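**Student:** got a sequence here, can you build the structure:
(4 chains)
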Number of protein chains: 2
Amino acid sequence: MEKVDGRLVRGDQTRRAVLRRAVDIASVDGLEGLSIGRLATELGISKSGLFAHFGSKEELQLATIRAARRIYADAVVLPALEVEPGIQRVRKLSECWIDYSRRRVFPGGCFFQKVSHEYAARGGAVHEALAGVHREWMELMEDVVREAVDRGELAADPAQLAFDLNAYYEAANLASILHGNETGYDQASRSIGARLESAAR
Amino acid sequence: MEKVDGRLVRGDQTRRAVLRRAVDIASVDGLEGLSIGRLATELGISKSGLFAHFGSKEELQLATIRAARRIYADAVVLPALEVEPGIQRVRKLSECWIDYSRRRVFPGGCFFQKVSHEYAARGGAVHEALAGVHREWMELMEDVVREAVDRGELAADPAQLAFDLNAYYEAANLASILHGNETGYDQASRSIGARLESAAR
DNA sequence: AAACTATACGAACGGTCGTATTATTAGTTT
DNA sequence: AAACTAATAATACGACCGTTCGTATAGTTT
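**Tutor:** Numbering: from 1, shown residues only, chains lettered A, B, ... in the order given. Now for the predicted structure:
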């Protein structure tokens, strides 16, 4: 339905263009600030035509989350999984995350940190989707840490170390956007290094 | 102008009632989701009457930030400053913060974490105000840590330790709201304890 | 060529937004 | 009691919101 012998059909191209722009907008103005009219204007298409692709605002938001997840996986997760399991992979994951934030893969910094806070205290499908992504991410981090523990390269509770590392990432991301400087990244890098060193055996 | 021999005049009472409600709404739905019409309806007053108190949406938002800052100071900062300077004060500050988040002083969790993310990537007076509060808070944490370092109770770079502690707080706050459980608080408490213990001398 | 489907369009809907203007009420002062 | 002022309300405005509708164009299938 979406592909015709490898070539994308028209509708799917539009959909991709919409979502590519949507994740950028949402990373700055949130999934609520992501309005259909604005999106259509910026892309030079009609509001109704855009709307027809998703059927509702909520569906657009959910599709935007899925699109952001793919970008996040490509930027942060996959490169780390190419490194051998163990402490090297833990380090690589941390480097990738800091780099992902620093390079502004999303112009507003980490997409998920932004919109997770936006929907943290509300109900609904968007909240559930974001809680799911967060859980998934924390479990991945724990797994990566656990591999290093199982190899005897780290002595730590995987969940605890994953919590700490993730906390450093997010604090750095917020500080850098809020103050427009790199101080947070330097502090996070030092904290990550110190934390891993103290857990190394 | 605002007081008549100790008794508040009518207008100031209304203003206080508005802001008390405004901080709660904003902690859940953000400073953008804080709409004048909704606020007026919930308080049973007229939209125009409420509007007249602030003159613009942005002024309402700035006043809401100031009101939240007072509540935050009362809940987190002042109780910690009653404890003697040193590591005990560092511990107390951490306890107060976790308690402040856990008790839901603001129904949506930490007001400032919520709205700081909302305005992190935008310009304007609201952004500046929030960046200022963040800076102020981080400096306070550094000062509290430095007192402990100066007394020889901790061996650490104050800015670095303050960064770490704050990162634990915020990660716990987000996790608890997003998932509706207390796991994050337990993890944060362990991380805080371990971090302080490893820096204790 | 005819029928059908996918995609996009413009126009309009009811609603809510922030804001401005004008009126009404309540409190204080004279 | 009259005059004045501060606080609140009523009403209206234009802009934008998400959504629906009917229609036009293109591409595919029969």
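**Student:** any idea how far residue A:194 is from DNA strand D?
**Tutor:** Shown here: residue A:194 relative to DNA strand D, a distance of 44 Å by CB to the nearest atom of the strand, to the nearest Å. In this view, the C-beta of every residue, glycine as well, is placed from N, C-alpha and C.
**Student:** neighbours of residue A:16, just the number please.
**Tutor:** 12 (other CB atoms under 10 Å in any protein chain shown).
**Student:** check what pLDDT it gets.
**Tutor:** Turning to residue A:16, the model gives it a pLDDT of 94.
**Student:** what's the answer for the one 4 residues further on, then?
**Tutor:** The model reports residue A:20 with a pLDDT of 96.
**Student:** give the contact list for it.
**Tutor:** residue A:67 (CB atoms under 8 Å, 6 or more residues apart in numbering or on different chains).
**Student:** in which helix or strand does it reside?
**Tutor:** Taking DSSP states H and E as the definition, residue A:20 sits inside helix A:10-33.
**Student:** how many neighbours does residue A:192 have?
**Tutor:** Counted with other CB under 10 Å, residues neighbouring residue A:192 total 22.
**Student:** what's near enough to touch the closest residue to it other than its chain neighbours?
**Tutor:** Among residues not flanking residue A:192 along the chain, residue A:94 sits closest, at 4.9 Å (CB to CB, 6 or more residues apart in numbering or on different chains). Residues in contact with residue A:94 (CB under 8 Å, 6+ apart) are A:165, A:169, A:192, A:196.
**Student:** the first one is in contact with residue A:193, isn't it?
**Tutor:** No: counting by CB atoms under 8 Å, residue A:193 is not a contact partner of residue A:165; they are 11.0 Å apart.
**Student:** run a quick neighbour tally on residue A:44.
**Tutor:** When neighbours are counted by other CB under 10 Å, residue A:44 registers 7.
**Student:** same question for the one 4 residues further on.
**Tutor:** The local packing of residue A:48 (other CB under 10 Å) involves 9 other residues.
**Student:** could you measure from it over to chain B?
**Tutor:** Note on residue A:48: its distance to chain B, by CB to the nearest CB, to the nearest Å, is 25 Å.
**Student:** could you list the low-confidence segments of chain A?
**Tutor:** A:1-11 (pLDDT under 70).
**Student:** now do the contacts for residue A:96.
**Tutor:** Applying CB under 8 Å, 6+ apart, we find residue A:96 in contact with A:75, A:76, A:77, A:79, A:80.
**Student:** and if we set it to 10 Å?
**Tutor:** By CB atoms under 10 Å, 6 or more residues apart in numbering or on different chains, the contact set of residue A:96 is A:75, A:76, A:77, A:78, A:79, A:80, A:83.
**Student:** looks to me like the last one is in a strand.
**Tutor:** No: the assignment for residue A:83 by DSSP: H, G, I helix; E, B strand; the rest coil gives coil, which leaves it out of any strand.
**Student:** wait, it sits on residue A:77?
**Tutor:** No: contact criterion CB atoms under 10 Å: residue A:83 and residue A:77 do not qualify, at 11.5 Å.
**Student:** what's the overlap in contacts for those two?
**Tutor:** In contact with both residue A:83 and residue A:77: A:93, A:96, A:144, using CB under 10 Å, 6+ apart.
**Student:** just to revisit the earlier point, residue A:165 and residue A:193: who's more crowded?
**Tutor:** Applying other CB under 10 Å to residue A:165 and residue A:193 shows that residue A:165 carries more neighbours, namely 24 against 12.
**Student:** need the contact list for that one.
**Tutor:** Residues near residue A:165 by CB under 10 Å, 6+ apart: A:90, A:93-94, A:97, A:141, A:144-145, A:188, A:191-192, A:195-196, B:167, B:171.
**Student:** pipe the shared contacts of residue A:83 and residue A:77 into TSV and attach distance to residue B:40 and secondary structure per row.
**Tutor:** Below are those laid out as TSV (distance: CB to CB, whole Å; DSSP: H, G, I helix; E, B strand; the rest coil):
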residue	distance to residue B:40	secondary structure
A:93	48	helix
A:96	48	helix
A:144	50	helix
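**Student:** tell me the residues of chain A that contact DNA strand D?
**Tutor:** Residues of chain A found near DNA strand D, taking CB under 7 Å from any atom of the strand as the criterion, are A:4, A:10, A:34-38, A:47-48, A:51-52, A:55-58.
**Student:** and which of those is nearest DNA strand C?
**Tutor:** The closest of the residues of chain A next to DNA strand D to DNA strand C turns out to be residue A:48 (CB to the nearest atom of the strand; 2.6 Å).
**Student:** could you list the residues in contact with the one helix or strand that closest one maps to?
**Tutor:** According to DSSP H and E, residue A:48 maps onto helix A:47-54. With CB under 10 Å, 6+ apart as the test, helix A:47-54 has contacts from A:11-12, A:14-15, A:17-19, A:22, A:35-41, A:43, A:45-46, A:57, A:59-64.
**Student:** ok, now which ones touch residue A:178?
**Tutor:** By CB under 10 Å, 6+ apart, the contact list for residue A:178 reads A:109, A:184, B:116-117, B:119-121, B:127, B:130-135.
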